[in-house]
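> How does the following fold in three dimensions:
(chains A, B, C and D, ligands or ions: 2)
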2 protein chains.
Amino acid sequence: MFSKACEYGIRASIYIGQQSADQGRRVGLRDIAAEIDSPEAFTAKVLQLLVRAGLVTSVKGPTGGFELTAEQLRTVTLRQIVLAIDGGEMLQGCALGLRQCSAQQPCPLHYQFLAIRDQLNEVLRTHTVGELAGKVHDGLGFLRQFS
Amino acid sequence: MFSKACEYGIRASIYIGQQSADQGRRVGLRDIAAEIDSPEAFTAKVLQLLVRAGLVTSVKGPTGGFELTAEQLRTVTLRQIVLAIDGGEMLQGCALGLRQCSAQQPCPLHYQFLAIRDQLNEVLRTHTVGELAGKVHDGLGFLRQFS
DNA sequence: CAAATACCGGATAAATTTATCCGGTAATCA
DNA sequence: TGATTACCGGATAAATTTATCCGGTATTTG
Ligand code: FES
Ligand code: FES
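Numbers count the residues shown, from 1 in each chain, chains lettered A, B, ... in the order given. Ligands and ions are numbered 1, 2, ... in the order given. Down below sits the predicted model:
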């Protein structure tokens, strides 16, 4: 569904958000990669994308790390994260790979997939990172599996 | 959403199906690639997968080519094609990349994505290649764009 | 100011996906 | 039967994605 980069980006954001919401704790790359079970260096690349896009905040030096401001927690949606990392392909592209998805020359699955894509867009648009962080905090969702 | 290979496979199947339904016309690789706007050699690889999976029929030699039998037209679903080419990742995997999607240790988006994935599975399961071929035949759907 | 910490950014490498090439085999037809 | 046609299958190459490495810069702390 999403690229690995995007999966890591979403999981990382939620983890950072969870720690930020919990008494503004700032978190380093090592922690993040361990908690979401992702390759450290690659996760760093993805986070740089999100920082540049203004969706995550980073602080250098000792006591530095990544965090989400109160505003970011409240306003950043999954859709923004997906767009920043994977672009709009999954959110707007044709399911059968036609150069553009439109009702002018629709693929034979256009209308059926439109329903699915709309629902996906809706889910991503209406869920903030802060909200999902809360779910993880409450033990209702996990960012890695312990097997 | 799907891999390029899968997109080509679906489009090719539908085109073959359309020609087969239309007085059992058999079609060659060259035609297929031209009609669905895909690279010829790569499309051949994908079609070989589908032939081996029994979802498409091929005939060698002059007057040979690809076709869908009446039964294939009636029974082969998009879901079978997607599974044969891309496997079950998109149809069963976790949206956030957890090693397995389950309610035991669900990711924070599990239930929202379950709804979307179920709908996707339903669409793929309930649409046969023959049905979509009919749509293309009636000018209600396209397998390439003419710009 | 000096040392340690942690993100930044570019270069590089490995893995996977996408795409191409070409000789082999089966089938048709003259 | 011989020539042509068209799919088959393995090898190879290009492109993209995923992953790693390392020196640079900013920041804190003593
Ligand atoms: S044209 Fe294919 S999904 Fe819209
Ligand atoms: S656990 Fe993530 S979608 Fe089910």
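
> and the residue of chain A found nearest ligand 2, backbone torsions?
Closest to ligand 2 within chain A is A:Phe142: 7.8 Å, counting by C-beta to the nearest ligand atom. (Each C-beta comes from the backbone N, C-alpha and C, glycine too.) Dihedral angles phi and psi of A:Phe142 (degrees, to the nearest 10) take the values phi -130, psi 150.

> Equivalent analysis for A:Val27, please.
Residue torsions, per degrees, to the nearest 10, at A:Val27 are phi -130, psi 140.

> Residue numbers of chain A in contact with DNA strand D?
A:3-5, A:8, A:38-42, A:44-45, A:59-64 (C-beta under 7 Å from any atom of the strand).

> List only buried entries from these.
A:Ser3, A:Ala5, A:Tyr8, A:Ser38 (16 or more other C-beta atoms under 10 Å in any protein chain shown).

> Excluding sequence neighbours, find me the nearest residue to the third one.
Distances taken as C-beta to C-beta, 6 or more residues apart in numbering or on different chains put A:Ser38 closest to A:Tyr8, at 4.5 Å, once the chain neighbours are dropped.

> List the contacts of the one you found.
Applying C-beta atoms under 8 Å, 6 or more residues apart in numbering or on different chains, we find A:Ser38 in contact with A:Tyr8, A:Arg11, A:Ala12, A:Ile32.

> follow-up on the earlier one: so the residue of chain A closest to ligand 2 sits right up against B:Arg99, yeah?
No. Applying C-beta atoms under 8 Å as the test, A:Phe142 and B:Arg99 come out as separate, 10.9 Å apart.

> what secondary structure does the residue nearest to A:Tyr8 sit in?
coil (DSSP: H, G, I helix; E, B strand; the rest coil).

> Kindly report the same for A:Gly97.
Per three-state DSSP, A:Gly97 ends up coil.

> quick one: is the strand or helix carrying A:Glu131 near chain B?
Assigning secondary structure by DSSP states H and E places A:Glu131 in helix A:129-137. Yes. Judged by C-beta under 8 Å from any C-beta of the partner chain, helix A:129-137 and chain B are in contact via A:Leu132, A:Lys135, A:Val136.

> Considering those residues, which possesses the most neighbours?
When neighbours are taken as other C-beta atoms under 10 Å in any protein chain shown, the top entry among the residues of helix A:129-137 next to chain B is A:Leu132 (25 neighbours).
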